[in-house]
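Engineer: The following block contains a protein sequence and its predicted model.
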Amino acid sequence: MTTIRRFRMTDLFRFNSVNLDVLTATYGMPFYFEYFSRHPEYFEASICPHTSSITGYVMGKAEGRDKSYHGHVTAVTVAPPYRRLGLAAAFMDSLERISSDVYNAFFVDLFVRESNAAAQTMYGRFGYGTYRRVLGYYSGGCGPVVFDDSGIPRGLLPEDEDGLDMRKALTRDLTGETVVPLGRPVRPEDLEW
C-alpha cells in the first residue's frame with residue numbers, strides 16, 4: 001500500500017532508495033531545486049504509510065512552442081518492491097492530465113534507453129510509441145551492473161547507448177500528427193528542447 005501526494009522540497013533528502021536505481025536518470029541537487037521551483041505541479045511522490053519512506057516519484061515540465069509544445073517526463077521511477085502496483089501508471093496519468101488540462105500541450109514525450117525493453121513495453125501499454133532514435137543519447141562511460149527486480153545481476157549497461165524518444169498524443173492533437181515516427185535517427189545536438 002502506498003499514497004501519492006505532491007512532492008515536497010524536503011523529499012530530495014529522502015529519495016535515494018528510489019533514485020539510486022541504475023536505470024533511473026539522476027541529477028545534481030541544483031538541477032532538482034531549479035526544476036522543482038519552475039515546475040512544482042509536475043512533481044509527485046508515492047509514500048509508504050507505515051514507514052513514510054518514498055516509494056516512487058515523477059518529475060516533468062512543459063516546454064516547446066507551436067505544435068512542439070509538450071509535456072516532458074524527466075524522470076519516473078518506482079522502488080522495486082512497489083513495482084507492478086500501478087504507481088507508474090498513476091504518475092504518468094497525472095503528468096498527462098497536467099500537460100493537457102493545465103498547459104494545453106499537443107503531446108507528452110520521454111526518453112528511454114534502447115536496452116530497457118521493460119520500460120518500453122510499459123510505456124507502450126500506456127499508449128506511447130517511438131517517435132525517433134537519438135544516437136548516443138546516454139553516455140555513462142562506466143557500464144554499470146543492471147539488476148532485475150529481485151536484485152539478481154543481469155549484465156552491464158553499455159557505456160554509450162542510443163535513446164528512444166517516445167511520445168503520446170494528447171487531446172489537442174486530434175490527428176496525431178505530432179507523434180508520427182520521424183523515420184530516421186538524430187543526434188543529441190539535433191534535439192529541439
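Structural biologist: Everything's here; your move. Numbers count the residues shown, from 1 in each chain.

Engineer: Could you check how far stretch 63-83 is from the centre of its chain?
Structural biologist: Relative to its parent chain, stretch 63-83 has a centroid offset of 4 Å by CA atoms, centre = their mean, to the nearest Å.

Engineer: tell me which residues of that stretch are tucked away?
Structural biologist: The neighbour-count check on stretch 63-83 (16 or more other CB atoms under 10 Å) flags 63-64, 69-79, 82-83 as buried. No exception for glycine: its C-beta is placed from N, CA and C like everyone else's.

Engineer: And stretch 16-28, by the same measure?
Structural biologist: Residues 18-19, 25 are the ones in stretch 16-28 that count as buried (16+ other CB under 10 Å).

Engineer: In CSV, could you pull the C-alpha coordinates for it?
Structural biologist: C-alpha atoms of stretch 16-28 as CSV (Å, rounded to 0.1, in the frame of the first residue of the first chain):
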residue,chain,number,x,y,z
ASN,A,16,17.9,8.0,-2.5
SER,A,17,16.5,4.5,-2.0
VAL,A,18,14.3,5.0,-5.1
ASN,A,19,16.7,7.3,-7.0
LEU,A,20,19.7,5.1,-7.0
ASP,A,21,18.2,2.5,-9.4
VAL,A,22,20.7,2.1,-12.2
LEU,A,23,18.1,2.8,-14.9
THR,A,24,16.8,6.0,-13.2
ALA,A,25,18.1,9.2,-14.5
THR,A,26,19.7,11.1,-11.7
TYR,A,27,20.9,14.7,-11.4
GLY,A,28,22.7,17.1,-9.1
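
Engineer: can you map out the strands along this protein?
Structural biologist: Assigned by DSSP state E, the chain shows strands spanning 3-6, 44-47, 54-63, 70-78, 107-113, 129-139, 145-147, 153-156, 160-169.

Engineer: where does this protein have low pLDDT?
Structural biologist: Within the chain, the segments meeting pLDDT under 70 span 140-159.

Engineer: how much space between the residue nearest the centre of it and T26?
Structural biologist: The centre of the chain sits closest to A75, judged by CA atoms, centre = their mean, with a distance of 3.4 Å. Per CB to CB, to the nearest Å, A75 is found 8 Å from T26.

Engineer: Same question for M1.
Structural biologist: For M1, the distance to T26 (CB to CB) stands at 27 Å.

Engineer: about what we covered before: enumerate every residue touching the residue nearest to the centre of the chain.
Structural biologist: The contact partners of A75, taken as CB atoms under 8 Å, 6 or more residues apart in numbering, are 24-25, 57-59.

Engineer: who's it bridged to?
Structural biologist: M59 (DSSP bridges).

Engineer: any idea how far D162 is from it?
Structural biologist: On the measure of CB to CB, A75 and D162 end up 19 Å apart.
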